[in-house]
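A.B. asks: just coords:
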Ligand SMILES: NS(=O)(=O)c1ccc(NCc2ccco2)cc1
Ligand SMILES: [Zn+2]
């Protein structure tokens, strides 16, 4: 790259490196492709600390573009702490993203590799804010743990969720779902990548500290088929199915992905 003159350097530093003299906006959108060789090991990153109370599991809701497993989040009984976070974040729900075939479905990619599905465990900063909706308006408001699902044997813990899906087949339906230990769904190895990003569905707020686990959990092809039998229509409409609900990857811009291990 040709050397910059001092004037051009100053302009560049001030972000005036374009003709219309406005700094070009950087987007902090998610998901992204994680280029593992460019991720930077950060020894100051702490191990993740999951403190989930199975009694806070409440219900499963078909929200139209996916299903949410919701938790009681009126107090700090199930929280995620440490890791890249300051303080602890309160668990509010988890959900999945999947594709119309086993060839794609995850939102984040690893070195361009797509997984057939991705689990998102959603938490919000209950020390500073009073609800998820309020927290989602702030850059330090939300923390989402992403876990890849890879094709393999039937996952018995996933099965305990999937066996309820015929009770929430259509949009808006709910069913009780209690006494669930979410830590049973996590992989053994809790090493992670982390970066600042956004919600991957409307309203796409740039409020998320993303924490992507490096080890995947398994899901069988038959279990993925059950996800695709959920309907995005309500019970009195002609049925159409949630065949896929994953967002394409977004530009990384100047963001750096950090890794908890070298
Ligand atoms: N896929 S995800 O984990 O990034 C995610 C998580 C949560 C919401 N919530 C959507 C919402 C409602 C009010 C404000 O925001 C949307 C997307
Ligand atoms: Zn999600």
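C.D. replies: Done, it's in. This is a predicted model, so every value here is computed, not measured. Numbers count the residues shown, from 1 in each chain. Ligands and ions are numbered 1, 2, ... in the order given.
A.B. asks: quick check: residue 150 is in a strand.
C.D. replies: Yes. Residue 150: assigned to a strand according to DSSP: H, G, I helix; E, B strand; the rest coil.
A.B. asks: for the stretch 1-150 of the chain, which segments count as strands?
C.D. replies: Applying DSSP state E, counting those that start in this stretch to the stretch 1-150 of the chain gives strands spanning 33-34, 40-41, 48-51, 57-62, 67-71, 79-82, 88-98, 109-110, 117-124, 142-151.
A.B. asks: just checking, what packs against the longest one?
C.D. replies: Where contact means 3 or more C-beta pairs under 8 Å, 6 or more residues apart in numbering; DSSP states H and E, strand 88-98 is packed against strand 67-71, strand 79-82, strand 117-124, strand 142-151, helix 221-227. In this view, the C-beta of every residue, glycine as well, is placed from N, C-alpha and C.
A.B. asks: quick one: is it near ligand 1?
C.D. replies: No. No part of strand 88-98 sits near ligand 1 under the criterion C-beta under 6 Å from any ligand atom; the closest distance found is 6.8 Å.
A.B. asks: for the record, mean pLDDT for that strand?
C.D. replies: The average of the pLDDT scores along strand 88-98 is 98.
A.B. asks: pairing partners for that strand, with directions?
C.D. replies: Using DSSP bridges, the strands paired with strand 88-98 are strand 67-71 (antiparallel), strand 79-82 (antiparallel), strand 117-124 (antiparallel).
A.B. asks: what sits opposite the nearest residue to residue 131 once chain neighbours are set aside in the beta ladder?
C.D. replies: Once flanking residues are discounted, residue 131 sits nearest to residue 124: 7.5 Å by C-beta to C-beta, 6 or more residues apart in numbering. Per DSSP bridges, the residues bridged to residue 124 are residue 90, residue 142.
A.B. asks: for burial, what's the neighbour tally of residue 124?
C.D. replies: 24 (other C-beta atoms under 10 Å).
A.B. asks: correct me, but residue 244 touches residue 98?
C.D. replies: Yes. Using C-beta atoms under 8 Å, residue 244 is in contact with residue 98, at 6.4 Å.
A.B. asks: need the residues touching each of those two.
C.D. replies: 105, 228 (C-beta atoms under 8 Å, 6 or more residues apart in numbering).
A.B. asks: coming back round to it: now the strands of the stretch 1-150 of the chain in TSV, with distance to residue 181?
C.D. replies: TSV is the format used below for those (distance: least, C-beta to C-beta, whole Å):
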stretch	distance to residue 181
strand 33-34	28
strand 40-41	31
strand 48-51	10
strand 57-62	8
strand 67-71	12
strand 79-82	15
strand 88-98	12
strand 109-110	27
strand 117-124	13
strand 142-151	15
